[in-house]
Structures are given as C-alpha cells and as structure tokens.
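Asks: Structure for the following, please:
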Amino acid sequence: MEVSEKEEISVEDEAVDKNIFKNCSKIAFYRRQKQQLSKKSTYQALLDSVTTGKDSTRFRIINEATKVPLLAEVFGIEGNIFRLKINEETPLKPRYEVPDVITSKPSTVRLISCSGDTGNLILADEKGDLKCHITANPFKVDLVSKEEVVMSINSLGQLYFEHLQIPLEQRATREKENASIDTSQKNQEDLGLWEEKFGKFVDVKVNGPASIGLDFSLHGFEHLYGIPQHAESHQLKNTGGEDAYRLYNLDVYEYEIHNKMGIYGSVPYLLAHKLGRTLGIFWLNSSETLVEINTEPAVKMGPVDAKQKSKSRTDVHWMSESGIIDVFLLTGPTPFDVFKQYSSLTENG
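Replies: Here you go, the predicted structure:
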C-alpha cells in the first residue's frame, strides 16, 4: 500500500504541572524570612561572653528585637577548614542536627585568640595564614587568607533564627503580655506560623516556626558551581526575581530543563572559583532549603585608570525550614584542596 503522506511523530514532553509543586511564593518560611529581613533586624555578638574550649571558641549572639540569646561556636578543623555552628542557647527542646553525614568526628585544631579591640575578636590557626575576624555590632564574620578578606558572613544582615515555642494550647493560659504576642502571630495565618496548608496537605507545627538563614559574600568571585541535583547549567545562575535553587527531593519524571526546582537528590554544597583561589561552603542541614545567588561583576571605576575595576562579589543566601546553622567553610585554595576538604568530612579514610 502506498503512503501518500508520512505522519509526523512528536517527541516533545508535556510540561510539568507546576501547580502541584511549591514555588518560593508558596513556601511559608521563605515568605517569613523575606518579610522580617526587610525590617533590618540586627544581631550583636556579645564578645565579653567568649569562652575557649579544647575544640571550639564560643560566644553569645543576641537579636536586638527578641533579646533571645543564641550560642555561636567556631571550630578549626585539620585541612584548612572552619566550622560555624549557631543554635539556641536554651532551646525548648533539642533542635534537629544531622547525625549521619559527617562519618567521623572531624579532627580539630586549636584556634588562637588575638583580640584587636573591644568590638572585635580574631581567631587564627597556628600558621596564622587563615583568620576569622568577628565583629560584634552588627555581628559579622570575615574569613581572611593572607590578609585578604575572601568571604564575609552576615555582612548583609540576613542571619535569621526562629525560636521554638510552647504549643498554642498551653500558651493560651499564659500571661496577657505573652498572649498579645500570640494573637498578633495567629492573625498571620498566611505566614504558616503554626499550621501550613498546601492543597490537601496540612503541616502542623507543634512548637511553631523554626526556620534559619544566613548570607555569605564571596569577594572577587563570579563563578559558582554545585548544589546538585538540578536540571540547570553547570555554572550556577543568579536567582534574581525568579525562584531560588530548591533543595527538596522530588521524583518528577517530566522535569523541565533550565529550572531550579529540585529533582532526585539534594547536596547542600557549593564551590566558588576565581583565578588563584577556590572556596567551598557545606551547609549541613537536611530540611527543605532554598539558596539565593546574586553576582555583582567587576566594573571599571572611571576613565582615569582604565585598568582599575571594582571588585566582583557573589552573595549566597541559605534558608532552611528547621534545624540549626551548621556550616563548613572550605578554604581551598585550589579546586583539588576543596574536593579533598569536602571528602574528608563526608567519607572515612
């Protein structure tokens, strides 16, 4: 039989139904952080509370608005790694910490305290090549390598920490001043403080919201890679007004390419690279996490000196639904060193 016309077969996949998945605007902890951070609430490090132990240096951090203290710990780890942990000083109950990714206790190195003035604390390794400059007010940490600031933490003031609270049923019997705070929060149902709804799903938060967030500024860096798995380009893109990179495992068969939604796995690890230096950030948190990226490229300062440029910078903002802030700063300086540092934390031997 003669076929006059050959039928065309389309292999184009159907678009994924985005209505059944959350985007940033539908994630309550993202909306809360964005709303609160717009008010420029600041944290202050209480450097008169510094204590030095065998493995870490501790100090308190307090929010000017809530006055609830946090406890910060800075660790030096063999292989040019710094670790920063921030938790509630006296949480209502233990907050979740990831137990099974760091396969063995990292070997720590003693950090030497060399304070500058009353508003600063400097922690250095024995060689003195790597230093943490901690500024008290507002709280900020600068990671310094050979007198060059390569990374700043909380320089944008995006440290965010929601404290566990007594369940609403019990709080109703408390004093009026506490009840007035509860009422103002209960009226903000759209922020998902105690209960979050999406479609037919209801997420009840017995102890209220517990999200965390922190910003990292990478000085001189324009190229970032990592935080797999996403069907995106190898080099991470600016998130801008679009959705952030989402770390939330999804089994979506017909996923879209060039999209920042999560797919099969989540690895909260990224690296930044420039000529002569590579850095890594390992955000140890297993809850749903969003990562915003914004790169400010270097630009010429003016016609006087054509070679003079402002320094490029990339800001990375991590936000997680719960847990504590526990982050490893991998200082490189080479790509091989960063990979070695990361594998030393997540593998035995």
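Asks: How about the contacts made by the nearest residue to N80 once chain neighbours are set aside?
Replies: Setting aside the residues directly before and after it, N80 is nearest to T331 in space (Cβ to Cβ, 6 or more residues apart in numbering), at 4.6 Å. C-betas here are computed from N, CA, C, even on glycine. Under the criterion of Cβ atoms under 8 Å, 6 or more residues apart in numbering, the contact list for T331 reads N80, I81, F82, L130, L143, S145, V150, L279, D337, Q341.
Asks: ok, now N80?
Replies: D125, L130, L330, T331, G332, D337, Q341 are the contacts of N80 under Cβ under 8 Å, 6+ apart.
Asks: Turn the residues you listed into JSON lines, including secondary structure, distance to L290 and pLDDT.
Replies: Listed next are the contacts of N80 as JSON lines, based on DSSP: H, G, I helix; E, B strand; the rest coil; distance: Cβ to Cβ, whole Å; pLDDT from 0 to 100:
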{"residue": "D125", "secondary structure": "coil", "distance to L290": "32", "pLDDT": "85"}
{"residue": "L130", "secondary structure": "strand", "distance to L290": "29", "pLDDT": "91"}
{"residue": "L330", "secondary structure": "strand", "distance to L290": "21", "pLDDT": "97"}
{"residue": "T331", "secondary structure": "coil", "distance to L290": "25", "pLDDT": "96"}
{"residue": "G332", "secondary structure": "coil", "distance to L290": "26", "pLDDT": "94"}
{"residue": "D337", "secondary structure": "helix", "distance to L290": "28", "pLDDT": "97"}
{"residue": "Q341", "secondary structure": "helix", "distance to L290": "25", "pLDDT": "95"}
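Asks: Top of those residues by number of neighbours, please.
Replies: Each of these was scored for neighbours by other Cβ atoms under 10 Å, and L330 scores highest at 24 neighbours.
Asks: how about the nearest residue to that one, chain neighbours excluded?
Replies: The shortest distance from L330 to any residue that is not its chain neighbour, by Cβ to Cβ, 6+ apart, is 3.2 Å, and that residue is G280.
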